[in-house]
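Chemist: please find the sequence and the predicted model below.
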Amino acid sequence: MSADWYFMKRGFFGGSKTVGPIAESVFVKKIQKGEIAPETMVSSTTKTHGHWLHLKDIRGADQLFKKSQSGPK
């Protein structure tokens, strides 16, 4: 079963908004593209039990981001 994810996106004037739910496959692609950074606050009802965490604090997610930054551009 795939998790649905939410993330916080900063607006132009310093505010932020919640984006989601998005499928886990889309979430992973956004991490790999650098659209969701390690400092981004993320949440999932199944993976984080509804708690908001920095992406960098989720086991495995940091590896996805590192791979995206070290791969060919």
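Modeler: Noted; the coordinates are in hand.
Chemist: every contact and neighbour count from this point should use C-alpha atoms.
Modeler: Will do.
Chemist: in the protein, which spans are helices?
Modeler: Using DSSP state H, the helices assigned to the chain run over residues 24-32, 61-70.
Chemist: so how far is the shortest one off the chain centroid?
Modeler: Mean C-alpha position of helix 24-32 versus that of the full chain (C-alpha atoms, centre = their mean, to the nearest Å) differs by 7 Å.
Chemist: okay, the helices of the chain, which one's buried deepest?
Modeler: helix 24-32 (a mean of 17; mean count of other C-alpha atoms under 10 Å).
Chemist: so what touches it?
Modeler: Residues outside helix 24-32 that contact it (C-alpha atoms under 8 Å, 6 or more residues apart in numbering) are 2-5, 36-37, 64-65, 67-69.
Chemist: report the contact partners of residue 55.
Modeler: Listed by C-alpha under 8 Å, 6+ apart, the contact partners of residue 55 are 36-42, 61-62.
Chemist: go on, residue 22?
Modeler: Contacts of residue 22 by C-alpha under 8 Å, 6+ apart are 4-6.
Chemist: 10 Å - rerun?
Modeler: 3-7, 44 (C-alpha atoms under 10 Å, 6 or more residues apart in numbering).
Chemist: and the spatially most central residue of the chain, what pLDDT?
Modeler: Relative to the mean C-alpha position of the chain, the nearest C-alpha, by C-alpha atoms, centre = their mean, is the one of residue 36, at 4.8 Å. Here, the pLDDT recorded for residue 36 equals 94.
Chemist: could you report the separation of it from residue 66?
Modeler: As defined by C-alpha to C-alpha, to the nearest Å, residue 36 lies at a distance of 12 Å from residue 66.
Chemist: angle of the worst-scoring helix or strand of the chain on mean pLDDT against helix 24-32?
Modeler: Every helix and strand of the chain was ranked by mean pLDDT, DSSP states H and E. The lowest is helix 61-70, at a mean of 73. Angle of helix 61-70 versus helix 24-32, following axes from the mean of the first three to the mean of the last three C-alpha atoms, to 10 degrees, is 50 degrees.
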